[in-house]
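> what follows is a predicted structure for the sequence shown.
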Amino acid sequence: MEHWNVLLVSHVIAALFVLVIGPFQILRRRRDRIHRTMGYLWVAAMYYVCVSSFWIVTAGHFTWLHGLSAFTIVTVTLGLVSAIRRNIPSHLGNMIGSYIGIAVAFVFAVAVPGRAIPQLLAEDPGTAAYVAALVVLSVLITFVSLKRGGRAGKATPSTDGTLSHSLRV
């Protein structure tokens, strides 16, 4: 089996994190603080996945996946800039396109024999399932924490013009 090192493991975990966050971002209707925070996490993880891929090579050669990584860096950046500029159609198109790109890369990484992930699934499915469960759990905990954090307190203007915080239980 290919040697698993810190770079490869962190790349796989970040890619799984991106794959799990994506549907939350795309399918969730509200575009609020939670969407922005999860989006920044998603963008950071996408950049890490793409940049780290350039140090993961087979027999010293780049593949079409490295070209996809370079293209994805561009589309994620365009999507982020579009969101900042409030160009929502462009933001949506770039981010969904980026998500589809990483989903295609994931299918390739899992389905092609001889790559590290299929070998791990064949030799140690328990570890693969454990890591996948931890990633899903971390995304759920992040989402729930953000959701609950938004309800804990709300700043409201008081009569003297300052902000006061009220707790809602």
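Here it is on my side, so go on.

> so, low pLDDT: which residues of the protein?
For the chain, applying pLDDT under 70 flags the ranges 1-4, 150-169.

> switch to 80 and redo it
By pLDDT under 80, the low-scoring segments of the chain are 1-5, 29-31, 58-60, 112-125, 127-128, 150-169.

> all strands for it, in order.
Here the chain has its strands, by DSSP state E, at 153-157, 163-167.

> list the buried residues in stretch 26-42.
Ile34, His35, Thr37, Met38, Gly39, Leu41, Trp42 (16 or more other Cβ atoms under 10 Å). Where you see a C-beta, it was placed from the backbone N, CA and C, and this is true even at glycine.

> the residue most central in space within the chain and Arg85, how far apart?
Residue closest to the mean C-alpha point of the chain, counted by Cα atoms, centre = their mean, is Val18 at 2.3 Å. Using Cβ to Cβ, to the nearest Å, Val18 is found at 23 Å from Arg85.

> go on, Leu120?
For Leu120 relative to Arg85 (Cβ to Cβ), the value is 41 Å.

> give me the more crowded residue out of those two.
Leu120 (18 against 10; other Cβ atoms under 10 Å).

> which non-adjacent residue is nearest that one?
Spatial nearest neighbour of Leu120, excluding adjacent residues (Cβ to Cβ, 6 or more residues apart in numbering): Ala128 at 5.3 Å.

> residues near the one you found, how many?
17.

> repeat for Ile13
18.

> now do the same contact list for it.
Neighbouring residues of Ile13 by Cβ atoms under 8 Å, 6 or more residues apart in numbering: Val131, Val135.

> phi first, then psi, for Ala59.
phi 50, psi 30 (degrees, to the nearest 10).

> between the buried residues of stretch 26-42, which sits nearest Leu80?
Nearest to Leu80, judged by Cβ to Cβ, of the buried residues of stretch 26-42 is Gly39 at 8.2 Å.

> surely His66 meets Ser53?
Yes. At 6.0 Å, His66 and Ser53 qualify as touching, with contact defined as Cβ atoms under 8 Å.
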